[in-house]
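Undergrad: have a look at this prediction, sequence included:
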Amino acid sequence: MEYVSIIEKGGIVTLLALISVSVSYVAYKLFERVDRTQHIFTEIKYTQKRNNEIQSDILKEMQINNKISESQLENSRQQLESSNKLIDLHSKIIGDKLDNINQKIDGLKLEIRHYENRELRKMTGDKK
């Protein structure tokens, strides 16, 4: 009704101006929504890019930690091998010393038996 009275009073030009303003307003609102949507997409892209960078950094750190762990494992393995070699060397040295002591003990036992035998011979020879 309002539009009919405007047309009757003077104008198609006024009606066209109102329609033009209405269409412009609707177009502005649509472009505003499109702009917000584009902004959201841009933020999502940025967030995804940043997330990928963070994951890449995490992967690099994990690879570095893996290399460190491998180095520590290799170092521990080498230390264990060195310790085993030292234990073997000490065992050999101790074994050699024990063998030497046993030989000396056996030699002393033999000397004691010879001494006892000489003494027994002396004692038996003295009684005769």
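TA: In hand now; what should we look at? From a predicted model like this one, the values you see are computed outputs, not experimental measurements.
Undergrad: run the chain-centre distance for the longest helix seen in the chain.
TA: Counting by DSSP state H, the longest helix found in the chain is helix 12-127. Here the centre of helix 12-127 is set off from its chain's centre by 7 Å, with Cα atoms, centre = their mean, to the nearest Å.
Undergrad: what is that helix packed up against?
TA: Judged by 3 or more Cβ pairs under 8 Å, 6 or more residues apart in numbering; DSSP states H and E, the packing partners of helix 12-127 are helix 2-9. In this view, the C-beta of every residue, glycine as well, is placed from N, C-alpha and C.
Undergrad: for the helix it packs on, what is the average pLDDT?
TA: For helix 2-9, mean pLDDT is 64.
Undergrad: what's the answer for stretch 53-68, then?
TA: Averaged over stretch 53-68, pLDDT sits at 96.
Undergrad: also stretch 25-35?
TA: Averaging pLDDT along stretch 25-35 gives 87.
Undergrad: and it, which residues are buried?
TA: For stretch 25-35, a neighbour-count test (16 or more other Cβ atoms under 10 Å) marks nothing as buried.
Undergrad: identify the residues contacting the most centrally placed residue in the chain.
TA: When Cα atoms, centre = their mean is applied to the chain, the residue found nearest the centroid is residue 65 (3.7 Å). By Cβ atoms under 8 Å, 6 or more residues apart in numbering, residue 65 lies in contact with nothing.
Undergrad: what about it, distance to residue 55?
TA: For residue 65, the distance to residue 55 equals 15 Å [Cβ to Cβ, to the nearest Å].
Undergrad: which residues are contacting stretch 52-63?
TA: By Cβ under 8 Å, 6+ apart, the list of residues contacting stretch 52-63 is empty.
Undergrad: alpha carbons of that stretch, in PDB - could you do that?
TA: Backbone C-alpha positions of stretch 52-63 (Å, rounded to 0.1, in the frame of the first residue of the first chain) are rendered in PDB as follows:
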ATOM      1  CA  ASN A  52      51.100 -28.700  10.300                       C
ATOM      2  CA  GLU A  53      54.200 -26.700  11.300                       C
ATOM      3  CA  ILE A  54      53.800 -27.700  14.900                       C
ATOM      4  CA  GLN A  55      53.400 -31.400  13.900                       C
ATOM      5  CA  SER A  56      56.500 -31.100  11.800                       C
ATOM      6  CA  ASP A  57      58.400 -29.600  14.700                       C
ATOM      7  CA  ILE A  58      57.200 -32.300  17.000                       C
ATOM      8  CA  LEU A  59      58.300 -34.900  14.400                       C
ATOM      9  CA  LYS A  60      61.700 -33.400  14.200                       C
ATOM     10  CA  GLU A  61      62.100 -33.300  18.000                       C
ATOM     11  CA  MET A  62      61.000 -37.000  18.200                       C
ATOM     12  CA  GLN A  63      63.600 -37.900  15.500                       C
END
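Undergrad: that'll do, ta.
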